[in-house]
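Q: Make a model of this:
(chains A and B)
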Number of protein chains: 2
Amino acid sequence: MKEIKVNASKKYSIYITSDSNLLRTIVELNKIHSVFIVTDENVYNLHKNLLDTISNLISGIYIIQPGEKSKSIETIMGIYDKMINLGIGKKTSIIAFGGGVVGDIAGFVASTYMRGLDLIHIPTTLLAQCDSSIGGKNGFDFLKIKNIIGTFHQPKFIFSEVNLLKTLEERQFINGLAEVIKYGVISDKNLFEYLFQNRRAILEMECDKLIHIVYQTSKIKASIIEKDELDLGERHILNFGHTIGHAIESIMNFEILHGEAIAIGMLVESYMAYKLGYLRRDEYDRIATLIRYFKLPTNIKLENYDELFLYMNMDKKRTTNQLKFALPKGIGNAIITTDLNEALIKDSIKNCLGG
Amino acid sequence: MKEIKVNASKKYSIYITSDSNLLRTIVELNKIHSVFIVTDENVYNLHKNLLDTISNLISGIYIIQPGEKSKSIETIMGIYDKMINLGIGKKTSIIAFGGGVVGDIAGFVASTYMRGLDLIHIPTTLLAQCDSSIGGKNGFDFLKIKNIIGTFHQPKFIFSEVNLLKTLEERQFINGLAEVIKYGVISDKNLFEYLFQNRRAILEMECDKLIHIVYQTSKIKASIIEKDELDLGERHILNFGHTIGHAIESIMNFEILHGEAIAIGMLVESYMAYKLGYLRRDEYDRIATLIRYFKLPTNIKLENYDELFLYMNMDKKRTTNQLKFALPKGIGNAIITTDLNEALIKDSIKNCLGG
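A: Presented below is the predicted three-dimensional model:
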């Protein structure tokens, strides 16, 4: 088992392992006496055995429907209702047992029920293990705006068991790989090369490869969180691929997976970086090749590519007056810039997507 | 104007003044460029002029119905809805302009909209100026449980303008005095004596008297918050009068004001303290006399006084397995104890209320 100690406003550990039996030990180590589980139907049906070793601590389970539609106030209120009816008190910890949706919902409940319960993440998707379970962000959607309501609530610990990933459909697994590639590009040349060299074994989900990529990405994310827990500066470099990616998700009405949209976003934004002289042509090509290797999409069909630009501007309005990009500067580094002109952005979109 | 600097996880100031024109200066000092107001109908109708000096910064106003019934998820969702429709972004601050209900609701919205906006309190009741606006607690009621959902969210600043109190009905003003007495008993003998000596001028709402009591209570609360922001220990001494008081509120189905219930609670709990040797008889009498001076209730009619004990135990279940009391130890000091036997509690209730 590997352990990463996160030094945020709250100190906590990320445990990465292929031994599910360690859960009991970790729970005892963290002095957890009572837990309330939030999970989804798929995860519960496939993996409920994981909870066997802590079954005597479970004071309730709430099973949501899988998918983004569950990220609603109705789901949240349903969980509050069940917790109140079970008499759940402040000493119970909430376990988020699932992917990003479960983590977001359970995290919000944990941060608001009786002004805050301890939260434990047992992420079951690659995206959640490598990215979304780390950093304390949670939230739900309202009036079609993703994560418009949410808080920061750091967990008590994260237990990433890589065997949980083996039941993922290939498309879901690859969806998570997009964020892994992102971490390589923005922060870790070795990880980027590792992905290149081990791409076949990764797609075959070999345990040691999974542990390696979950460990490396978790370490990078943890170190960024430590510097900027509340997403005020440093943390923005995690948005590589996301300025374009979010606009793609919106324009597609979320009928594309997050990682898929981000893959296309990384491609376009790497092209911008190349045009600005931050990436050499061969580096840009290598990023594009890796995205293709993992069978991530590299294009979408749009009637009017300028529309993407409009969506980017709608997104931006809520935070700042400028479009902000996190762009790679060589492979393994990134910068944040608001200093891009409209023509470059539109040209890059057209060059990469509209050709 | 007086200023108290609060050194919590976030540093902020409490400004206490009788000059409403200072609001503009304070807003500029804190570099606020845009505000969204949450208020209630009464406060808005009586005091909207206060906002005139900052009217050019207001990007929206949401007016709730006065009263505890507004502390619901429906009110919260209504505010989110309006904010989204107005395109309110992360750089806007929320102003809670009202009493405890407005503060709780606006505080929750500020802590959850886009993962947190800055929050400004302009409290308009004595209870809010002396107590509820300080300390970051917010929340709303669900399934008849008060504040079951909420967070801690420290404000950017608090602007307490004592002239706002002058439109309060006497019952509401006196309601706030109960908490002021509490601060004297648990932490400040001088404040307690001040209340005794100036009781007539206080009831006539003389400005300098109001400034004095808001300043002293705010200072005490701020210093307790600094030591125990998340209500894990030290902060529990603020619960003097509340273990009994909360049970009274529940048994009366909240048809009694918070301060009124707390006044009765302080009386019974002071009696316990006297029985345990923490208070001399003359000190207990003096507390009872002050409560009576301010025309706060000292009794309720119940069919069965043991029922109060049952309600106390229901309350307790959610936090710990023991009944916990904050009891005065002399006037100006308090201790927290879980070490009281049932007979003493029941006897004290009967002696004070059931005689």
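Q: Name the nearest residue to the residue nearest to the spatial centre of chain A, sequence neighbours excluded.
A: Residue closest to the mean C-alpha point of chain A, counted by CA atoms, centre = their mean, is A:S132 at 3.0 Å. Of all residues not flanking A:S132 in the chain, A:G100 sits nearest, at 4.3 Å (CB to CB, 6 or more residues apart in numbering or on different chains). (C-beta placed from N, C-alpha, C; glycine too.)
Q: Mind listing residues that contact stretch A:248-259?
A: In this structure, residues lying in contact with stretch A:248-259 by CB atoms under 8 Å, 6 or more residues apart in numbering or on different chains are A:68, A:100, A:127, A:146, A:171-172, A:174-179, A:245, A:261, A:264-265, A:296-297, A:300, A:302, A:307-308, A:311, A:314-315.
Q: residues of stretch A:189-199 that come out buried?
A: A:191-192, A:194-195, A:198 (16 or more other CB atoms under 10 Å in any protein chain shown).
Q: Figure out how far it is from the centre of its chain.
A: Distance, stretch centre to chain centre, for stretch A:189-199: 20 Å (CA atoms, centre = their mean, to the nearest Å).
Q: do the same with stretch A:85-96
A: That offset, for stretch A:85-96, works out to 25 Å (CA atoms, centre = their mean).
Q: Pull out the buried residues from that stretch.
A: In stretch A:85-96, counting by 16+ other CB under 10 Å, buried: A:88-89, A:92-96.
Q: and what of stretch A:330-338?
A: A:331-332, A:334-337.
Q: and if you look at stretch A:29-48?
A: A:30, A:32, A:35-40, A:42-44, A:47.
Q: which residues make contact with the lowest-mean-pLDDT helix or strand in chain A from outside it?
A: Least confident element among the helices and strands of chain A, by mean pLDDT, DSSP states H and E: helix A:306-317 (a mean of 78). Defining contact as CB under 8 Å, 6+ apart, one finds that helix A:306-317 is touched by A:243-244, A:246-248, A:250-251, A:302, A:322-324, A:342, A:345-346, A:349, A:353, B:87, B:89.
Q: And for stretch A:124-133, what's in contact with it?
A: Contacts for stretch A:124-133 (CB under 8 Å, 6+ apart): A:16, A:43, A:47, A:96-100, A:102-104, A:121, A:123, A:155, A:158, A:160, A:162, A:164-165, A:168, A:172-173, A:175-177, A:179-180, A:183, A:210, A:213-214, A:217-218, A:221, A:258-259.
Q: correction: stretch A:183-191
A: Under CB under 8 Å, 6+ apart, the answer for stretch A:183-191 is A:130-131, A:180, A:192-195, A:213, A:216-217, A:220-221, A:224, A:237-238, A:240, A:266, A:270, A:287, A:326, A:328, A:330-334.
Q: Can you give the domain ranges for chain A?
A: Following automatic domain parsing, one finds the domains of chain A at A:2-166, A:199-353.
Q: Least reliable of these by average pLDDT, please.
A: Mean pLDDT per stretch puts domain A:199-353 lowest among the domains of chain A, at a mean of 92.
Q: which bits of chain A sit near chain B?
A: Counting by CB under 8 Å from any CB of the partner chain, the positions of chain A adjacent to chain B are A:9, A:73, A:77, A:80-81, A:84-85, A:87, A:89-91, A:108, A:111-116, A:137, A:139, A:142-143, A:145, A:147-152, A:230-231, A:317-320.
Q: again, only using 6 Å
A: When proximity is defined as CB under 6 Å from any CB of the partner chain, chain A approaches chain B at A:80, A:84, A:89-90, A:112, A:115, A:142-143, A:149-152, A:318-319.
Q: Whichever of those residues end up buried, select them in PyMOL.
A: In PyMOL, this line selects whichever of these come out buried by 16+ other CB under 10 Å:
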select buried, chain A and resi 80+84+89+112+115+142+149+150+151+152+318
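Q: Which single one of the residues of chain A next to chain B is nearest to B:L51?
A: A:R318 (24.3 Å; CB to CB).
Q: taking the buried residues of stretch A:29-48 one by one, which sit in strands?
A: A:35-40 (DSSP state E).
Q: among the contacts of stretch A:183-191, which are in strands?
A: Counting by DSSP E, the contacts of stretch A:183-191 contribute A:326, A:328, A:334 to strands.
Q: pretty sure the second one is touching A:A334, no?
A: Yes - in this structure, A:P328 is within contact of A:A334 by CB atoms under 6 Å, at 5.3 Å.
Q: Please identify which pair of the buried residues of stretch A:85-96 lies farthest apart.
A: Largest pairwise distance in those, by CB to CB, is 18.9 Å, between A:G89 and A:A96.
Q: about what we covered before: and the contacts of helix A:306-317, which are buried?
A: A:243-244, A:246-248, A:250-251, A:323-324, A:345, A:349, A:353, B:89.
Q: Restricted to strands, list those.
A: Judged by DSSP E, the subset of the buried ones among the contacts of helix A:306-317 located in strands is empty.
Q: need those in TSV with distance to A:K275, can you?
A: Shown next, in TSV, are these (distance: CB to CB, whole Å):
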residue	distance to A:K275
A:T243	15
A:I244	14
A:H246	21
A:A247	19
A:I248	19
A:S250	24
A:I251	23
A:L323	15
A:K324	17
A:I345	10
A:I349	12
A:L353	15
B:G89	30
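Q: Nearest to A:T25 among those residues?
A: A:H246 (39.6 Å).
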